[in-house]
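[1] Sequence unavailable; structure follows:
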């Protein structure tokens, strides 16, 4: 599929809901948007009943007037398909379109995302409204693109309606062909779960102990992903048929969805909703040197892997909250600008703030946008206007650049999905990934976050000096061979505990751990234990006599060397397995592979990085404090810009090692300079 670029110049915009406001406000809203440097709005993702007030009767007047006025003010428009919120008349007449819980309780009208992708009736209604909208707005001069639905798999990412069970049964028949093949893949002989007729096959259902067949549960997640992609493709195909001049995207990054395949098969580019203050809900503020909102850069790295250049469809602009859940504090002065450039650093060529005006009614009355209820001046509007003025000056030079990194943090969908049920490896993935990202950030070493796919090749990793794949429990023989080729070509591969012992169905191989990676690593796992209850994480000591130690949390494996080229780098220093190898290195070809028999702590990641002694590209630009994120974006001619983002609530000193020009201000800089609290600098080498 030919991909459309987001834009030839950076685009700043805002989400707008004309149906929620008195029409007399529209013109003043649009005028102020343009004065603030905004060029685009997103509309209509929840407006189905406005367009179709009753079954088969379509009205476009309200949005015709809203779009005509937007065009008159020079604003472009992203239209949305409104399928995230089916009308009450539809769910009342056709309750079979509604999703259900695992034990069969129906989700009723009253919130959003309460439908199922697999209802034939719902798909027919969605196809009809999408076609009506596409036909009506295909030639509107303001419309440039479409957002499909809104945040696929948000609110819930599991589906158990009758239509889903039926569709899953058909999916299984297509995948396995015979019940014998399905029974083998699912290990159905265990606990007498063998199926003798297709009518007996369902998605996971409530069981006595609440623990479903794990292989069935893994296939369920693959099926849910396929269902969401099919639903998006239904809409994308109509939009491309009817409105071929417009680009197509969708927003959000949620569970049980292969967003890479979604993008490959249905979208021109991916869009993301960026809310850095979610760290207050999901982060651990008590940890030493917490990442706080800087942690959001790890998510943006993942988005960049889907689309090297993408759109942030919703950029946090204020405090956030529903009436009954989600409470996010207000951004500090300067933080909204910082987050905007955080998104740009990681690949955003278009950013829309959420939202223009805070809603005065509904569930999100505390999810604040740029304007407060009173519609008067405030600091968020002033900050957004300052960003708009900067981007108006340099926007054409920002877009289309490529993020440069020498480190790859690897993960994959199968292990992500399998780990949601299997806590013997699933609980390791998040802490290990966070530990590595945090230590890389504080060493100013940019990293890419890559979802390995089944057809990945060593050449795709060859640009990375270091690849960290923390806990790839499910690993195919092909992936093991690909990783070996990467190492032989000169790459450094780091693997962690629970690697390689499951096949693609989630079944355990009858092989010594780490399974298909054992020969690559040159080790076997002799013994292992979960660190839980009264068990204390073991200490690990480097074997170089330095006395340096770090913790080995969550899971410990003792290793035995199986290859003469494998070197013991560190051993356990406590517990009943004290003295047993914990960390090994095997040199192979031009590269090396490291195996660590635990979940990665920050101490472990830092120790490995010290031993590897990889240089930071920041050294060519400046000496930076830990509070500053460093990143490089490169244009097609090889010209590089260095992004410096200060996440501290105080000013920090930096020491430039070369003369530079700040792209945002035009200021020439040399030697020591100061970055204000939440400050941003984009540097290019100064002309000689």
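    Good, I have the coordinates. The shown structure was predicted, so the numbers you read here are calculated from the model rather than taken from an experiment. Residues are numbered from 1 along each chain as shown.

[2] show me the contacts for residue 682.
    Going by C-beta atoms under 8 Å, 6 or more residues apart in numbering, residue 682 touches 341, 394, 641, 642, 643, 644, 662, 663, 664. To be clear about C-beta, it is placed using only N, CA and C from the backbone, and glycine gets the same treatment.

[3] what's downstream of the helix or strand harbouring the third one, the next helix or strand?
    Counting by DSSP states H and E, the element that carries residue 641 is strand 640-646. Following the chain from strand 640-646 toward its C-terminal end, the next helix or strand by DSSP H and E is strand 652-656.

[4] Direction included, what does that next one pair against?
    strand 622-623 (antiparallel), strand 672-675 (antiparallel) (DSSP bridges).

[5] so which of these is the most packed in?
    strand 622-623 (a mean of 18; mean count of other C-beta atoms under 10 Å).

[6] which intervals of the stretch 1-150 of the chain have sub-threshold pLDDT?
    Residue ranges of the stretch 1-150 of the chain with pLDDT under 70: 1-6.

[7] Other residues contacting the strand holding residue 641?
    294, 338, 341-342, 344-345, 401, 404, 618, 621-622, 624, 627-634, 652, 654, 660, 663, 675-684.

[8] go with 7 Å
    338, 341-342, 345, 621, 624, 627-634, 652, 654, 663, 675, 677-684 (C-beta atoms under 7 Å, 6 or more residues apart in numbering).

[9] circling back: from the contacts of residue 682, which would you call buried?
    341, 641, 642, 643, 644, 662, 663, 664 (16 or more other C-beta atoms under 10 Å).

[10] Would you agree the last one is in contact with residue 395?
    No: with contact defined as C-beta atoms under 7 Å, residue 664 and residue 395 do not form a contacting pair (11.1 Å).

[11] follow-up on the earlier one: from the contacts of residue 682, which two are the most distant?
    394 and 644 (15.4 Å; C-beta to C-beta).

[12] still on that earlier bit, okay if I get the strands paired with strand 652-656 as TSV plus distance to residue 452?
    Compiled in TSV, these are given as follows (distance: least, C-beta to C-beta, whole Å):
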stretch	distance to residue 452
strand 622-623	33
strand 672-675	36
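
[13] can you put these in a markdown table and add distance to residue 95 and mean pLDDT?
    Shown next, in a markdown table, are those (distance: least, C-beta to C-beta, whole Å; pLDDT from 0 to 100):
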| stretch | distance to residue 95 | mean pLDDT |
| --- | --- | --- |
| strand 622-623 | 61 | 98 |
| strand 672-675 | 57 | 96 |
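
[14] Show me the one of these that comes nearest residue 137.
    strand 672-675 (44.6 Å).

[15] got a list of contacts for stretch 223-243?
    Residues from elsewhere that reach stretch 223-243 (C-beta under 7 Å, 6+ apart): 81, 117-118, 123, 126-127, 130-131, 134-135, 138, 146, 148-149, 152-153, 157-159, 167-168, 171, 246, 248, 250, 256-258, 261-262, 265-267.

[16] Can you tell me which of these are classed as buried?
    81, 117-118, 123, 126, 130, 134, 146, 148-149, 152-153, 157-159, 167-168, 171, 246, 248, 250, 256-258, 262, 266-267.

[17] any idea how far the spatially closest residue to residue 95 that is not a sequence neighbour is from residue 115?
    For residue 95, ignoring the flanking residues on the chain, the nearest one in space by C-beta to C-beta, 6 or more residues apart in numbering is residue 106 at 6.9 Å. Distance from residue 106 to residue 115, counting by C-beta to C-beta, to the nearest Å: 11 Å.

[18] Which one's more surrounded, those two?
    residue 115 (27 against 14; other C-beta atoms under 10 Å).

[19] In the lowest-mean-pLDDT helix or strand in the chain, which residues are buried?
    Every helix and strand of the chain was ranked by mean pLDDT, DSSP states H and E. The lowest is helix 279-282, at a mean of 84. By neighbour count on 16+ other C-beta under 10 Å, the buried set for helix 279-282 is residue 279.

[20] outside of it, which residues touch it?
    292, 293, 295, 296, 328, 329.

[21] How about the contacts made by the second one?
    To tie it back to what came earlier, the one meant is residue 293. 276, 277, 279, 335, 339, 647.

[22] so the second one makes contact with residue 328?
    Yes: using C-beta under 7 Å as the test, residue 277 is close enough to residue 328 to be in contact (4.3 Å).

[23] what is in contact with those two at once?
    Common neighbours of residue 277 and residue 328 (C-beta under 7 Å, 6+ apart) are residue 320.

[24] Filter the contacts of stretch 223-243 down to just the ones in strands.
    Secondary structure of the contacts of stretch 223-243 is defined by DSSP state E; positions in strands are 146, 248.

[25] related to what we said a few turns ago, which one of the contacts of residue 293 sits closest to residue 189?
    residue 279 (45.4 Å).

[26] before we move on, what SS does the closest residue to residue 303 other than its chain neighbours have?
    Nearest residue to residue 303, sequence neighbours excluded (C-beta to C-beta, 6+ apart): residue 272, at 4.5 Å. Secondary structure, DSSP: H, G, I helix; E, B strand; the rest coil: residue 272 is strand.

[27] Write down the beta-bridge partners of residue 272, one by one.
    Assigned bridge partners for residue 272, using DSSP bridges, are residue 312.

[28] and the closest residue in space to residue 23 that isn't next to it in sequence, what helix or strand is that in?
    Distances taken as C-beta to C-beta, 6+ apart put residue 65 closest to residue 23, at 7.1 Å, once the chain neighbours are dropped. According to DSSP H and E, residue 65 maps onto helix 61-72.

[29] helices and strands around that helix, which ones?
    helix 26-35, strand 40-43 (3 or more C-beta pairs under 7 Å, 6 or more residues apart in numbering; DSSP states H and E).

[30] most tightly surrounded among the ones you listed?
    The most buried one of the helices and strands packed on helix 61-72 (mean count of other C-beta under 10 Å) is strand 40-43, showing a mean of 24.

[31] Show me what it packs onto, helices and strands only.
    strand 11-15, helix 61-72, strand 76-80.

[32] among those, which is nearest residue 592?
    strand 11-15 (44.1 Å).

[33] Can you flag which of the contacts of strand 640-646 belong to strands?
    Per DSSP E, the subset of the contacts of strand 640-646 in strands is 628-634, 652, 654, 675, 680-684.

[34] Doesn't residue 400 belong to a strand?
    No: in this structure, residue 400 is coil, not part of a strand, as judged by three-state DSSP.

[35] Can you report how many residues neighbour it?
    18.

[36] Is it correct that it is in contact with residue 309?
    Yes: with contact defined as C-beta under 7 Å, residue 400 and residue 309 form a contacting pair (6.4 Å).

[37] Identify the contacts common to those two.
    Common neighbours of residue 400 and residue 309 (C-beta under 7 Å, 6+ apart) are residue 349.

[38] in the stretch 301-450 of the chain, which spans are strands?
    For the stretch 301-450 of the chain, the strands defined by DSSP state E, counting those that start in this stretch cover 310-316, 320-321, 327-328, 348-354, 402-404, 407-411, 447-451.

[39] Which among those is found nearest to residue 142?
    strand 348-354 (15.0 Å).

[40] Quick check: longest helix in this protein by residues?
    When the chain is parsed with DSSP state H, its longest helix is helix 214-242.

[41] Serialize the helices and strands packed on helix 61-72 to TSV and add fields for distance to residue 522.
    Output for these, formatted as TSV (distance: least, C-beta to C-beta, whole Å):
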stretch	distance to residue 522
helix 26-35	61
strand 40-43	53
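
[42] Quick one: closest of these to residue 558.
    strand 40-43 (54.2 Å).

[43] Off-centre distance for the next helix or strand after the closest one?
    Proceeding N to C from strand 40-43, the next assigned helix or strand is helix 48-51, under DSSP H and E. Chain-centre distance of helix 48-51: 31 Å, with C-alpha atoms, centre = their mean, to the nearest Å.
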